[in-house]
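Engineer: sequence unknown, structure follows:
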């Protein structure tokens, strides 16, 4: 078990069976093969910080950051939002996965009526606040 956890920390690949064994005991988190040690094992400062960077923040925090970006300037392009949020997303995600996460956040916020794309173009988006709602009112 210790050898497997060491492999996970060193970003070495483990088998799916080994992954399931560790996951069942709640020793690792993440999606296979991008695993990281769970909060149960993150006992020192360095591991706690690494865990939080890998896990990322709550979805609501990212949505509030997007609202903050849009509110601050009246509107925001996708490039503006990317510039503001990409570095705050979990370090374990690839650049493509980070962009997809932002797509999903914007899509969900648009469907719930928080923001609207005024340009009607995905490529040259111009996001604005749709209604004066808070995220707590939507849930």
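Structural biologist: Structure received. No experiment lies behind these values; they were computed from the predicted model shown. Numbering: from 1, shown residues only.

Engineer: Can you tell me how far residue 27 is from residue 39?
Structural biologist: Distance, residue 27 to residue 39, by Cβ to Cβ, to the nearest Å: 10 Å. All C-beta spots, glycine's among them, are computed from the backbone N, C-alpha and C.

Engineer: Which one's more surrounded, these two?
Structural biologist: The neighbour count for residue 27 versus residue 39, taken as other Cβ atoms under 10 Å, is higher for residue 27 (17 against 14).

Engineer: Identify the residues contacting the more buried one.
Structural biologist: Residues in contact with residue 27 (Cβ atoms under 8 Å, 6 or more residues apart in numbering) are 1, 5, 37-38, 40-41.

Engineer: now, which of those residues sits nearest residue 56?
Structural biologist: residue 38 (14.0 Å; Cβ to Cβ).

Engineer: who does the residue lying closest to the closest one once chain neighbours are set aside bridge with?
Structural biologist: Distance criterion Cβ to Cβ, 6 or more residues apart in numbering; nearest residue to residue 38, sequence neighbours excluded, is residue 29 at 4.8 Å. Residue 29 has these beta-bridge partners by DSSP bridges: residue 36.

Engineer: Any buried residues in the host helix or strand of residue 8, and which?
Structural biologist: Using DSSP states H and E, residue 8 sits in helix 2-9. For helix 2-9, the neighbour count (16 or more other Cβ atoms under 10 Å) marks 4-5, 8 as buried.

Engineer: just stretch 61-73 next, same as before
Structural biologist: Quick answer for stretch 61-73 (16+ other Cβ under 10 Å): 62-63, 65-67, 69-70.

Engineer: again, but for stretch 109-124
Structural biologist: For stretch 109-124, by 16+ other Cβ under 10 Å, it's 109, 112, 114-117.

Engineer: before we move on, back to that, for the contacts of residue 27, which one is nearest residue 122?
Structural biologist: Out of the contacts of residue 27, the member with the shortest distance to residue 122 (by Cβ to Cβ) is residue 38, at 36.5 Å.

Engineer: residues contacting that closest one?
Structural biologist: Residue 38 neighbours (Cβ under 8 Å, 6+ apart): 26-29, 51.

Engineer: just to revisit the earlier point, helix or strand next in line after the helix holding residue 8, which one?
Structural biologist: helix 16-24.
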